[in-house]
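K.L.:
Curious how this folds, go ahead:
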Amino acid sequence: MKRLLMTVAAAVLAVTGLTATQPEPAAAAVNRAGSCVDGAGVTWRSKVVWGSPYKTADGITRIQVDYAGWTTTKAGVVPTDSAVRSYDAAGRLLQTLKRTAALNYRSGAVYVARNPLNPPSAPGKAKITISTGVDGDGHHNCLVAFVQPASDPVVAAVGDMACEPGAAVGKSCQQKAVSDKILADPAIGTVLALGDLQYQTGTLGAFRGSYAPSFGRLMSKTRPIPGNHEYRTPGAAGYYDYFGSRAGDRTKGYYSFNLGTWHIIALNSEKDIGATGAQLAWLRADLKAHPNKCVAAMFHRPRWSGGKEHGDSTTVAPFIQALYNANADLVLTGHDHDYERFFPLNPAGVRDNARGIVQIVSGLGGRSQYAVTPRAITAAASDSTYGYTHLVLHHGSADISYVSAVGSFSDSSKLTCH
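P.N.:
A predicted model of the protein is given here:
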């Protein structure tokens with residue numbers, strides 16, 4: 001059921017035929033805002049809140065439009081010409097709600113809302129438009145279009161994967177089981193491969209012989225970064241030859257991309273990691289160029305780790321400092337063959353719930369298991385399973401969980417972006 005909108009202006013709107021006026025609503029499922037300037041130079045602010053999909057009696061899945069409204073900062077009573085339209089995925093007009101009314105927006109403090117027809121759900125295609133302008137002034141209205149948000153990205157993140165070709169499957173070498181588990185979830189659209197993808201030296205032949213028949217089946221979804229084992233082949237040539245352009249510039253190994261409303265930064269923890277290096281300068285520039293509310297980084301070596309094999313990696317401290325300075329939210333790593341999720345931390349490794357970065361070690365991709373000793377800054381840890389970190393990247397938050405492919409450990413948490 002659509003939200004019932006009650007305000008002090010309801011009586012006026014009953015006469016005009018508009019559903020209600022009210023102050024701008026609080027954020028709901030997915031909250032989108034926009035603005036436009038009409039032909040007379042008047043600025044109009046619009047908002048649509050997309051709710052959840054639901055199935056009707058005729059079997060059609062529709063997307064709930066919880067709210068569609070507008071306001072203007074123009075003072076006094078404004079004679080307003082408005083139209084709210086619903087469109088399906090093919091761009092066909094489904095409904096037009098047109099009204100003309102004189103309304104007092106109180107200089108932007110009050111919104112006018114309509115209840116448009118809920119279109120058939122089509123992420124990235126279904127659309128609501130809001131056209132507004134001052135009525136009777138002889139100028140054109142302006143329009144803001146709101147497209148149904150694409151489904152929130154679902155991600156699998158894991159590193160330290162494939163044994164050498166021909167290695168026996170037992171307590172180790174479970175890369176097939178982990179990749180099978182990811183393949184079985186059709187919602188997963190992206191796989192973040194967190195380095196040490198092919199043991200022991202990451203040759204092209206080894207990638208083709210062991211990684212390809214396991215995680216290679218997810219190639220079309222994979223965003224990789226190299227680990228130390230890839231660089232046991234000079235220049236990580238096998239890694240770059242196998243992944244091609246997916247791995248970025250082979251002389252650098254770092255790149256960035258967007259997933260939904262999140263910005264993801266893939267860094268190379270194996271070369272050019274100094275405080276004065278080109279990679280750190282690039283990272284700072286990339287963060288400045290992408291001021292997304294939610295930012296995650298991925299690199300192989302963890303800044304913090306309770307793993308007994310490797311432990312903390314101070315070499316990546318400059319990455320952490322730059323990310324923290326830019327209010328980044330999440331860091332995904334491997335290297336130690338365990339799972340360890342940390343509380344939000346500042347660069348000194350002190351718990352910081354306000355601005356801290358959540359770092360996750362996700363190194364149980366199949367190769368082997370290393371013992372982990374949790375510390376006070378550890379939120380959850382496991383060294384007795386194989387599996388991957390599962391993420392759903394929402395607008396302003398993420399659902400994080402660990403999914404076991406071999407064994408029964410689980411973990412789940414909610415991250416709210418800074």
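
K.L.:
where along the stretch 101-250 of the chain do the strands fall?
P.N.:
Assigned by DSSP state E, counting those that start in this stretch, the strands in the stretch 101-250 of the chain fall at 111-114, 127-134, 142-147, 154-158, 190-194, 222-225.

K.L.:
Mean neighbour count and distance to C294 for these - can I get that in CSV?
P.N.:
For the C-beta atoms, the positions are set from N, CA and C on the backbone; glycine is no exception. Formatted as CSV, these follow (neighbours: other C-beta atoms under 10 Å; distance: least, C-beta to C-beta, whole Å):
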stretch, mean neighbour count, distance to C294
strand 111-114, 25, 26
strand 127-134, 24, 24
strand 142-147, 18, 20
strand 154-158, 26, 12
strand 190-194, 26, 15
strand 222-225, 24, 16
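
K.L.:
In a markdown table: those strands, plus mean pLDDT.
P.N.:
A markdown table is the format used below for those (pLDDT from 0 to 100):
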| stretch | mean pLDDT |
| --- | --- |
| strand 111-114 | 95 |
| strand 127-134 | 97 |
| strand 142-147 | 95 |
| strand 154-158 | 97 |
| strand 190-194 | 98 |
| strand 222-225 | 98 |
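
K.L.:
so A405 touches Y386, yeah?
P.N.:
Yes. Applying C-beta atoms under 8 Å, one finds A405 in contact with Y386, separated by 5.2 Å.

K.L.:
The two: who's more crowded?
P.N.:
Y386 (29 against 22; other C-beta atoms under 10 Å).

K.L.:
Make a markdown table from the strands of the stretch 101-250 of the chain and add distance to D411 to it.
P.N.:
Formatted as a markdown table, the strands of the stretch 101-250 of the chain follow (distance: least, C-beta to C-beta, whole Å):
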| stretch | distance to D411 |
| --- | --- |
| strand 111-114 | 41 |
| strand 127-134 | 38 |
| strand 142-147 | 34 |
| strand 154-158 | 13 |
| strand 190-194 | 17 |
| strand 222-225 | 23 |
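
K.L.:
hang on, the earlier thing: name the residues contacting each of A405 and Y386.
P.N.:
Common contact partners of A405 and Y386 (C-beta atoms under 8 Å, 6 or more residues apart in numbering): 174, 177-178.

K.L.:
need the helices for this protein, in chain order.
P.N.:
Taking DSSP state H to define them, one finds helices in the chain at 10-16, 175-183, 204-206, 237-243, 278-289, 317-325.

K.L.:
neighbouring contacts of the last one?
P.N.:
Contact with helix 317-325 is made by 265, 267, 269, 273-275, 280, 283-284, 287, 295, 297, 299, 303, 331, 346-347, 355-357, as judged by C-beta under 8 Å, 6+ apart.

K.L.:
Report the inter-axis angle for that helix versus helix 278-289.
P.N.:
Angle between the axes of helix 317-325 and helix 278-289 is 10 degrees (criterion: axes from the mean of the first three to the mean of the last three C-alpha atoms, to 10 degrees).

K.L.:
for helix 317-325, which positions count as buried?
P.N.:
For helix 317-325, the neighbour count (16 or more other C-beta atoms under 10 Å) marks 317-324 as buried.

K.L.:
nearest to P226, of those residues?
P.N.:
For the buried residues of helix 317-325, the minimum distance to P226 (C-beta to C-beta) is 14.7 Å, reached by F319.

K.L.:
what residue ranges in the stretch 201-350 of the chain score low on pLDDT?
P.N.:
Applying pLDDT under 70 to the stretch 201-350 of the chain picks out no residues at all.

K.L.:
now for the helices of the chain, which one comes closest to S397?
P.N.:
helix 317-325 (17.9 Å).

K.L.:
Now find how far off-centre that closest one is within its chain.
P.N.:
The chain centroid and the centroid of helix 317-325 are separated by 20 Å, computed with C-alpha atoms, centre = their mean, to the nearest Å.

K.L.:
Let's see it as CSV, backbone CA atoms only.
P.N.:
Provided in CSV are the C-alpha atoms of helix 317-325 (Å, rounded to 0.1, in the frame of the first residue of the first chain):
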residue,chain,number,x,y,z
ALA,A,317,49.9,1.5,5.3
PRO,A,318,50.0,4.4,2.8
PHE,A,319,47.0,2.9,1.0
ILE,A,320,45.1,2.8,4.2
GLN,A,321,46.0,6.3,5.1
ALA,A,322,44.9,7.7,1.7
LEU,A,323,41.6,5.7,1.9
TYR,A,324,40.9,6.9,5.4
ASN,A,325,41.6,10.5,4.5
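
K.L.:
The residue lying closest to H139 once chain neighbours are set aside: neighbouring residues, count only.
P.N.:
Leaving aside its sequence neighbours, H139 sits nearest to G39 (C-beta to C-beta, 6 or more residues apart in numbering; 3.1 Å). For G39, the count of nearby residues is 13 (other C-beta under 10 Å).

K.L.:
quick one on the thing from earlier: got a ChimeraX select line for the buried ones in the contacts of helix 317-325?
P.N.:
The following ChimeraX line selects those of these that are buried, judged by 16+ other C-beta under 10 Å:
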select :265,267,269,273,280,283,287,295,297,299,303,331,347,356,357
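
K.L.:
from the contacts of helix 317-325, which ones fall inside strands?
P.N.:
When DSSP state E is applied, these are split such that 265, 295, 297, 331 fall in strands.

K.L.:
quick one: the residue nearest to the third one when sequence neighbours are not counted from N115, how far?
P.N.:
The shortest distance from A297 to any residue other than its chain neighbours is 4.4 Å, reached at I265 (C-beta to C-beta, 6+ apart). Using C-beta to C-beta, to the nearest Å, one gets 41 Å for the distance from I265 to N115.

K.L.:
go on, T385?
P.N.:
Relative to N115, T385 is positioned 49 Å away (C-beta to C-beta).

K.L.:
repeat for A212
P.N.:
Distance of A212 to N115, computed by C-beta to C-beta: 53 Å.
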